[in-house]
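[1] structure of the sequence below:
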Amino acid sequence: MNRAFSFLSSVATRHPWKIVAAWDLVMIVAAPFAMRFEDILSGAGWDVGGSDSKQARELIERELPQTFPQNLVAVFHSDQATVDDDQ
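    Below is the predicted model of the structure:
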C-alpha cells in the first residue's frame, strides 16, 4: 500500500497539471449523471423526497418558525419528573 501512495505522490508532484486535467475530465463526465439526481435530492442534496426526515424538517419549519430551523432546540418541562428520577 505504501508503494501505491508513493507512486501516486511522485506522479502528482511531477505532473500536477495532468492531475488537475484528469479531475476536470472526471467532473465533466460526471456532470450529466449528477443532473439526474436533482429532482430526487433536495435541501443541498441531503434530503430524500418523501422520507420521514424530510417530513420532520418540514413540520419543524412550519410549526416552529425560526431563523435557522435546522438548529432545533427542544426544551422539556415536567412538574413531576426531575433530572435525578430513576424512572
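[2] helices of the chain, start to end?
    Here the chain has its helices, by DSSP state H, at 2-14, 16-36, 52-63.
[3] and the second one, what does it pack against?
    What it means is helix 16-36. Secondary-structure packing of helix 16-36 (3 or more CB pairs under 8 Å, 6 or more residues apart in numbering; DSSP states H and E): helix 2-14. Where C-beta positions appear, they are placed from N, C-alpha and C, glycine not excepted.
[4] on that earlier part again, so which of the helices of the chain gets nearest V83?
    When these are compared by CB to CB, helix 52-63 sits nearest V83, at 25.3 Å.
[5] now the closest one, how far from the centre of its chain.
    The chain centre lies 17 Å from the centre of helix 52-63; the measure is CA atoms, centre = their mean, to the nearest Å.
[6] give the buried residues for that helix.
    R57 (16 or more other CB atoms under 10 Å).
[7] helices and strands around it, which ones?
    Judged by 3+ CB pairs under 8 Å, 6+ apart, helix 52-63 is in contact with strand 47-48.
[8] most tightly packed of the helices of the chain?
    Highest mean neighbour count among these (mean count of other CB atoms under 10 Å): helix 52-63, with a mean of 12.
[9] rewinding a little: mean pLDDT for the helices of the chain: which is lowest?
    When the helices of the chain are ranked by mean pLDDT, helix 52-63 comes last with a mean of 80.
[10] CA atoms only: put that helix into CSV for me.
    Written as CSV, here are the backbone C-alpha positions of helix 52-63 (Å, rounded to 0.1, in the frame of the first residue of the first chain):
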residue,chain,number,x,y,z
ASP,A,52,-39.5,10.7,7.4
SER,A,53,-36.6,13.1,7.9
LYS,A,54,-37.8,15.4,5.3
GLN,A,55,-41.4,15.4,6.7
ALA,A,56,-39.9,16.1,10.2
ARG,A,57,-37.9,19.0,8.8
GLU,A,58,-40.9,20.5,7.0
LEU,A,59,-43.0,20.1,10.2
ILE,A,60,-40.4,21.9,12.3
GLU,A,61,-40.1,24.7,9.7
ARG,A,62,-43.9,25.1,9.6
GLU,A,63,-44.7,24.8,13.4
